[in-house]
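[1] All I have is the shape, not the residue letters:
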């Protein structure tokens, strides 16, 4: 079972009791002194100061998040580039107490925040041509590394010593080319700020952890994907339409955003499955981990430590075997959703 955001808050307030390597961290706080926590569909995130530098500390909200981070963190550790920031998986870093009072530990993701400014701040201070050239240089470096970030947007870029450094590699994969649309949107944003009239296409998939500002009545609201919005209520996660009308009732311990008509969900007993946009199970909730890849429309599931592949319709297409024995598709590399 993954910890709650409240468990992360408690750990940030008393890191000497809850953290292993990060006992000396200092959380970045708001005006009231409360640690700032943000969340996406798969992570809760806090900015911290550790060893006199700034970092992002991310806690997984579902087992599938860490499963994918294992691969991308290991791959990034083999790359050498001035365009990449330090990105680490910290095993059993945070100690917490679950709902039954059992003491547990969970893995955490630590991401260095390069000194400098945000992309939005750079938009206000740097010439248009300078930023466009920096985006071109970033694209060429990703080509050289044969890497796709897959979540490039303004808040995931830092302006550092004349370079744009991407952060939050949670969605990255091997293979160049998946960032073309996002890079085009960022170029449009730069030109728009310079008065050339292009309309930005970058959208924010991150929301502050507070009562939903867009849709009232929810603890948290995500962004719209395929006309549905993932929301968190007292009963758990569910989905509403763009008019805030319930579509799939709040009933899950965790739920992902919809991609290509599919979303992974976790029941309150920890079992995972895959649903369609009506809430019907395409893959029954009986697995430890369910990893759906919208680029290939295939799903990998883990059961008792072994993995198998399912197709888009929920048909199993391989026997259960160690992960290393599951063949990769032509377009698949390191994938993190």
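    Structure received. Since the model is a prediction, treat every value here as computed from it, not as a measurement.
[2] who are the neighbours in contact with residue 83?
    Contact analysis of residue 83 by CB atoms under 8 Å, 6 or more residues apart in numbering lists 137-138, 141-142, 163-166. C-beta here means a position set from N, CA and C on the backbone, and glycine is covered the same way.
[3] just checking, which of those belong to helices?
    Judged by DSSP state H, the subset of these located in helices is 137-138, 141-142.
[4] State the distance from residue 84 to residue 126.
    21 Å (CB to CB, to the nearest Å).
[5] quick one: which of the two has more around it?
    Shown here are residue 84 and residue 126; by other CB atoms under 10 Å, residue 84 has more neighbours (21 against 18).
[6] Adding neighbour count, pLDDT and distance to residue 62, write the contacts of residue 83 out as JSON lines.
    As requested, the contacts of residue 83 are arranged in JSON lines below (neighbours: other CB atoms under 10 Å; pLDDT from 0 to 100; distance: CB to CB, whole Å):
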{"residue": "137", "neighbour count": "14", "pLDDT": "97", "distance to residue 62": "35"}
{"residue": "138", "neighbour count": "21", "pLDDT": "97", "distance to residue 62": "30"}
{"residue": "141", "neighbour count": "17", "pLDDT": "97", "distance to residue 62": "31"}
{"residue": "142", "neighbour count": "23", "pLDDT": "97", "distance to residue 62": "27"}
{"residue": "163", "neighbour count": "16", "pLDDT": "96", "distance to residue 62": "33"}
{"residue": "164", "neighbour count": "24", "pLDDT": "97", "distance to residue 62": "30"}
{"residue": "165", "neighbour count": "23", "pLDDT": "97", "distance to residue 62": "27"}
{"residue": "166", "neighbour count": "23", "pLDDT": "97", "distance to residue 62": "23"}
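[7] Make a markdown table from those and add distance to residue 255 to it.
    Below are the contacts of residue 83 laid out as a markdown table (distance: CB to CB, whole Å):
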| residue | distance to residue 255 |
| --- | --- |
| 137 | 38 |
| 138 | 33 |
| 141 | 35 |
| 142 | 31 |
| 163 | 36 |
| 164 | 32 |
| 165 | 31 |
| 166 | 27 |
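[8] Any stretches of the stretch 51-200 of the chain with poor pLDDT?
    Regions of the stretch 51-200 of the chain meeting the criterion pLDDT under 70 cover residues 196-200.
[9] which residues of it fall in strands?
    53-60, 87-97, 103-112, 117-118, 147-148, 157-160, 163-166, 173-174 (DSSP state E, counting those that start in this stretch).
[10] Quick one: closest of these to residue 216.
    Nearest of those to residue 216, taken as CB to CB: strand 53-60 at 26.6 Å.
[11] Check which residues of that closest one are buried.
    55-60 (16 or more other CB atoms under 10 Å).
[12] what does stretch 286-304 give?
    For stretch 286-304, burial by neighbour count (16+ other CB under 10 Å) applies to 287-302.
[13] These in strands, which ones?
    Using DSSP state E, the subset of the buried residues of stretch 286-304 located in strands is 287, 289-293, 298-302.
[14] before we move on, back to that, ok, of the contacts of residue 83, which one's closest to residue 29?
    Among the contacts of residue 83, residue 165 lies closest to residue 29 (CB to CB), at 24.8 Å.
[15] So that closest one is in contact with residue 115, correct?
    No. Residue 165 is beyond contact range of residue 115, at 10.0 Å (criterion: CB atoms under 8 Å).
[16] Quick check: the gap between residue 52 and residue 160.
    Residue 52 is 17 Å from residue 160, by CB to CB.
[17] how about the spatially closest residue to residue 251 that is not a sequence neighbour, what does it touch?
    Nearest residue to residue 251 in three dimensions, chain neighbours excluded: residue 236, at 5.4 Å (CB to CB, 6 or more residues apart in numbering). Residue 236 sits next to 250-253, 255, 268 when contact means CB under 8 Å, 6+ apart.
[18] before we move on, the earlier item: in CSV: the ones in strands among the buried residues of stretch 286-304, plus distance to residue 316.
    Below are those laid out as CSV (distance: CB to CB, whole Å):
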residue, distance to residue 316
287, 11
289, 15
290, 13
291, 14
292, 14
293, 16
298, 11
299, 10
300, 11
301, 8
302, 13
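[19] Thanks a lot, catch you later.
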